[in-house]
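K.L.:
A structural model of the following input is requested.
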Amino acid sequence: MHAPFQAGASWVPTPSGMGVDYVVMGVLKKRLLKQQTAGEKCALAWFISPHGFGHAARASALVAACSSRRRGLHHHIFTTVPRGFFGDSLAGVSFEYHHLECDVGMVQATPFDEDVDGTIQALERLPVNHGPEFERVLDQIAANDCRLVVSDIAPQGLAVATRLALPGVLVENFTWDWIYRAYHDPRLNDLGGRLAEIFRSASLRIQTAPVCETAENGRAVAPVSRLPRRSRTEVRESLGIPTGHRVVLLSVGGLHASDVEHRGFRPPTATTLVVPGAVDRVRASGSVIWIPTMGGPYHPDLVAASDLVIAKLGYSTVAEVYHANTVFAYLCRPRFPESPVLNAFVRQHIPSEALPEDWLGDPTAAEIIEALLDGPRPTGTRPNGADEAAKMILSLL
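P.N.:
Numbers count the residues shown, from 1 in each chain. Alright, predicted model coming up:
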């Protein structure tokens, strides 16, 4: 039987009695091993939950960390998160985007309220580990010679890995079965139990702080976030922010100019309010600067350039604020099970206060923001778990 051809092997005819068609010369074998560890072309598949942009932000940090540690990586990204998000987050990284509904998560009735019945219906409609679409994805992964599958809590990724006998990595600070249990709905619990079996199939389970439920086989890492690319001064100058002004980043998805202007909210004196929202270009209106949500200034740069961030309490925002040593005024999601865990982490590690629910029209919100701006902010460098997680992922190749 002929031995398989190996790149870098030296083909040398040998007598048939030796029983081989070629020999691998020692020096070429060493060169081959070096190529494999340093720059060999290699494809990874990423299945990312579209429940908000937080999972996409965390996964992007890991994609970038993997590529910085190993040359020649190419990433296939499967999700319904808009492609533009990854274009912004993965500058200089080789990746291909595949629009795929790979996870339901929780259907949202509003940005702060979950729709349990809608979630159940969506879960019943989307098969995770069977069906024509699943088979098509299997063919895609095989055709692109992906060697490993990473799932940021999208169970379909782990189902694909199991079916193709590939290493499957789960990245999480919670899983959907844990979330579903909190709603005490037997139908949702049953569906969550099926997902739990898939989550348990992971070859490697990476848990990124702050973790909601510690897993016995979980590998813990520090909070994971994307890295800023420009300095605080560069970002402020590019936006035309006056020297000496304090900067408040208002990062609440779906905001329109009328939401801020008509509710009478005004930033404190000598403060510029930067708002990612529904605009197609950067534009200024008094002390408010509006920027596009995607295709505008890079969000981690804005966080690092700000003196205070106002945002919904969510994983990626918390991690980015934590690493930027910024202060935080946050909007709670009191009914979402992850919220108490994030709230406890924020109160322990970040100068912060919760804002009232109707904060745009509540005068006490301005007092909270002013007090936070006048207070201290953390100093020093905090560990980012992205690099440690990337080492774990690459060890499976």
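
K.L.:
and the closest residue to residue 85 other than its chain neighbours, what does it touch?
P.N.:
Excluding the flanking residues, the one nearest residue 85 by CB to CB, 6 or more residues apart in numbering is residue 56, at 5.5 Å. C-beta: built from backbone N, CA, C; applies to glycine. Residues in contact with residue 56, defined by CB atoms under 8 Å, 6 or more residues apart in numbering, are 48, 50, 79, 81, 85-86, 89, 152.

K.L.:
so residue 56 sits in a helix?
P.N.:
Yes - Residue 56: assigned to a helix according to DSSP: H, G, I helix; E, B strand; the rest coil.

K.L.:
Among the contacts of residue 56, which ones are in strands?
P.N.:
Judged by DSSP state E, strands contain the following of the contacts of residue 56: 48, 79, 152.

K.L.:
re earlier: quick check: the residue nearest to residue 85 vs residue 84, distance?
P.N.:
11 Å (CB to CB, to the nearest Å).

K.L.:
still on that earlier bit, quick one: buried ones out of the contacts of residue 56?
P.N.:
Buried members of the contacts of residue 56, counted by 16 or more other CB atoms under 10 Å: 48, 50, 79, 81, 85-86, 89, 152.

K.L.:
Including distance to residue 251 and pLDDT, could these go into JSON lines?
P.N.:
Listed next are the buried ones among the contacts of residue 56 as JSON lines, based on distance: CB to CB, whole Å; pLDDT from 0 to 100:
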{"residue": "48", "distance to residue 251": "20", "pLDDT": "98"}
{"residue": "50", "distance to residue 251": "18", "pLDDT": "96"}
{"residue": "79", "distance to residue 251": "21", "pLDDT": "98"}
{"residue": "81", "distance to residue 251": "16", "pLDDT": "97"}
{"residue": "85", "distance to residue 251": "14", "pLDDT": "95"}
{"residue": "86", "distance to residue 251": "18", "pLDDT": "97"}
{"residue": "89", "distance to residue 251": "15", "pLDDT": "97"}
{"residue": "152", "distance to residue 251": "20", "pLDDT": "98"}
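
K.L.:
of those, closest to residue 65?
P.N.:
When those are ranked by distance to residue 65 (CB to CB), residue 89 comes first, at 12.0 Å.

K.L.:
What values do phi and psi take at residue 292?
P.N.:
Torsion angles at residue 292 (phi, psi; degrees, to the nearest 10) stand at phi -70, psi 140.

K.L.:
Ranking helices and strands of this protein by mean pLDDT, which lands last?
P.N.:
Lowest mean confidence among the helices and strands of the chain (mean pLDDT, DSSP states H and E): helix 26-38, at a mean of 40.

K.L.:
thinking again about what came up before, could you work out the most separated pair of the buried ones among the contacts of residue 56?
P.N.:
50 and 89 (14.5 Å).

K.L.:
In this structure residue 57 contacts residue 303, no?
P.N.:
No - using CB atoms under 8 Å, residue 57 is not in contact with residue 303; the gap is 10.9 Å.

K.L.:
Now list whatever residues contact both of those two.
P.N.:
With CB under 8 Å, 6+ apart as the test, residue 57 and residue 303 both reach residue 320.

K.L.:
quick one: strands adjacent to the helix or strand where residue 171 lies?
P.N.:
Using DSSP states H and E, residue 171 falls within strand 168-172. Within its sheet, strand 168-172 is paired with strand 146-152 (parallel), strand 204-208 (parallel), according to DSSP bridges.

K.L.:
what's the most buried one of these?
P.N.:
With neighbours defined as mean count of other CB atoms under 10 Å, those peak in mean count at strand 146-152, which reaches a mean of 25.

K.L.:
Please determine how far residue 307 is located from residue 326.
P.N.:
Applying CB to CB, the value for residue 307 to residue 326 is 7 Å.

K.L.:
what's the overlap in contacts for these two?
P.N.:
Contacts common to residue 307 and residue 326, judged by CB under 8 Å, 6+ apart, are residue 377.

K.L.:
So which of those two has more stuff around it?
P.N.:
residue 326 (23 against 17; other CB atoms under 10 Å).

K.L.:
shaky segments in this structure?
P.N.:
Within the chain, the set of residues satisfying pLDDT under 70 comprises 1-39, 254-264.

K.L.:
Let's see that with 90 instead.
P.N.:
1-41, 110-113, 127-128, 252-269, 277-281, 285-288, 293-296, 333-335, 356-366 (pLDDT under 90).

K.L.:
List the residues that contact residue 298.
P.N.:
Contacts of residue 298 by CB under 8 Å, 6+ apart are 88-89, 228-230.

K.L.:
Try it again at 6 Å.
P.N.:
Contacts for residue 298 were tallied using CB atoms under 6 Å, 6 or more residues apart in numbering; they are residue 229.

K.L.:
Can you tell me how far it is from residue 88?
P.N.:
6 Å.

K.L.:
Wait, a strand at residue 276?
P.N.:
Yes - under three-state DSSP, residue 276 sits within a strand.

K.L.:
So what pairs up with it in the strands?
P.N.:
Beta-bridge partners, per DSSP bridges, of residue 276: residue 291.

K.L.:
okay, now it: neighbour count?
P.N.:
21.

K.L.:
shouldn't it be in contact with residue 291?
P.N.:
Yes - contact criterion CB atoms under 6 Å: residue 276 and residue 291 qualify, at 5.3 Å.
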